[in-house]
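My questions are about this predicted structure, shown below with the sequence.
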Amino acid sequence: MKGVDAKTITVNAKSNLAFTLLCLPKEKRKDMESFYAFCRVVDDIADEPGFDYEQRMEMLGEWKEGLFNGFLDPNSLQNEVLVLRKKYTISPELFVEIIKGMEMDVCGTEYATFDDLKRYCYRSASVVGLICLKIFGANDPQSKDYAINLGYALQLTNIIRDVGEDYKMGRVYIPDEDLEKCNITKEDLISSANSRAFLDLMELQADRAEYYFKEAKANICAGDYASLRTARCMGRIYYLILKKIRKDRFKVFEKRYRIGKVRKIIALLGY
């Protein structure tokens, strides 16, 4: 990963988060680009083809070790992450929690209950929000509840949107208890698409996501309202995606749902 440039990674990702960074002041935007690049790189270690299990775990282990003790041969991104951690007094344990979420992907996606999946959502999304609070300058303790609940909502929306893509990779993030409740097996997930049972299954997932969007909104505090503009815009974009999927009756094996640039700009200006 020598010569990795955080800004390039962020721009090339063309993600919703990268878009919402436009409303940040220049310095904070640069710091968020470094953090986003970290998230992107460790996620790619878990997901990109070309590595076996041992290689993925070794690379993620090197990141965990380096976050506590420094890197033996630091590249530009690793240095940026260490500077970021010190600048905002962010505990290395929070970064490591994100990496543990990636390790869960590497080890497999078996989630018996929603509580099991919720642990993954916390590591892969809620902790990202907790680190963002530091960079945004959102200091009210209540904002932690906002970040945690928004993380659950965003990750659950991602899981719904990406059911088809994840299935092709041999991954199913829907809890076994939900599949059993709707009388669907993992093996029959794609063949059941558009059935009443599949729609019920997806509605259950969407209801959960909706619940956490509402919980997040209930925990926005006045003192941090302005500081959380990027997060609020992100929440709005993903809520629109969830509504779009639901209205279209969950055609998640046929398409990838997106929100157009104009609607994103409206969300950005309105938040």
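That came in fine, so what should we check first?

Please list all residues in contact with the most centrally placed residue in the chain.
The C-alpha lying nearest the average C-alpha coordinate of the chain belongs to Ala125 (Cα atoms, centre = their mean; 4.1 Å). Ala125 makes contact with Gly151, Tyr152, Leu154, Gln155, Asn158, according to Cβ atoms under 8 Å, 6 or more residues apart in numbering. Where C-beta positions appear, they are placed from N, C-alpha and C, glycine not excepted.

if we go to 10 Å?
Residues in contact with Ala125, defined by Cβ atoms under 10 Å, 6 or more residues apart in numbering, are 39, 98, 101, 147-148, 150-158.

Ile266 versus that one, what's the distance?
Separation of Ala125 from Ile266 (Cβ to Cβ, to the nearest Å): 24 Å.

Ok, Ala197 next?
36 Å.

same deal with Val252?
Separation of Val252 from Ile266 (Cβ to Cβ): 25 Å.

Those two: which has the busier surroundings?
Shown here are Val252 and Ile266; by other Cβ atoms under 10 Å, Val252 has more neighbours (23 against 14).

tell me the SS of that one?
With DSSP: H, G, I helix; E, B strand; the rest coil as the basis, Val252 sits in coil.

Cross-check the contact I'm expecting between Asp115 and Pro175.
Yes - with contact defined as Cβ atoms under 10 Å, Asp115 reaches Pro175; the gap is 8.5 Å.

residue boundaries of the helices in this structure?
6-13, 16-20, 26-47, 53-69, 76-87, 92-107, 114-121, 127-136, 142-161, 163-168, 176-181, 196-218, 229-247, 261-270 (DSSP state H).

Relative to Ile190, which of these is closest?
Proximity to Ile190 (Cβ to Cβ) singles out helix 163-168 among the helices of the chain, at 6.0 Å.

What lies in contact with that closest one?
105, 109, 158-159, 162, 171-174, 186, 189-190, 193, 198, 201-202, 205, 245, 250-256.

Mark which of those residues are buried, thanks.
With burial judged by 16 or more other Cβ atoms under 10 Å, the buried subset of the contacts of helix 163-168 is 105, 109, 158-159, 162, 171-174, 189, 193, 198, 201-202, 205, 245, 250, 252-253.

okay, the closest residue to Thr230 other than its chain neighbours: pLDDT?
Distance criterion Cβ to Cβ, 6 or more residues apart in numbering; nearest residue to Thr230, sequence neighbours excluded, is Thr20 at 4.8 Å. Model confidence at Thr20, given as pLDDT, is 79.

Surely Thr20 and Leu154 touch.
No - checked against Cβ under 10 Å, the pair Thr20 and Leu154 is beyond contact range at 11.6 Å.

Walk me through the domains of this structure.
Domain assignment for the chain by automatic domain parsing gives 1-107, 109-271.

Deepest-packed of the ones you listed, please.
domain 109-271 (a mean of 18; mean count of other Cβ atoms under 10 Å).

chain center to it: distance?
Relative to its parent chain, domain 109-271 has a centroid offset of 8 Å by Cα atoms, centre = their mean, to the nearest Å.

for stretch 96-106, same thing?
Distance, centroid of stretch 96-106 to centroid of chain: 12 Å (Cα atoms, centre = their mean).

Dump the C-alpha coordinates for it into PDB.
Only the C-alpha atoms of stretch 96-106 are listed here, as PDB (Å, rounded to 0.1, in the frame of the first residue of the first chain):
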ATOM      1  CA  VAL A  96      -9.400  -1.800  16.100                       C
ATOM      2  CA  GLU A  97     -13.200  -2.400  16.500                       C
ATOM      3  CA  ILE A  98     -13.600  -1.500  12.900                       C
ATOM      4  CA  ILE A  99     -10.900  -4.000  11.900                       C
ATOM      5  CA  LYS A 100     -12.600  -6.700  14.000                       C
ATOM      6  CA  GLY A 101     -15.700  -6.100  11.900                       C
ATOM      7  CA  MET A 102     -13.600  -6.800   8.800                       C
ATOM      8  CA  GLU A 103     -12.300  -9.900  10.500                       C
ATOM      9  CA  MET A 104     -15.900 -11.100  10.900                       C
ATOM     10  CA  ASP A 105     -16.300 -10.800   7.200                       C
ATOM     11  CA  VAL A 106     -13.100 -12.800   6.500                       C
END
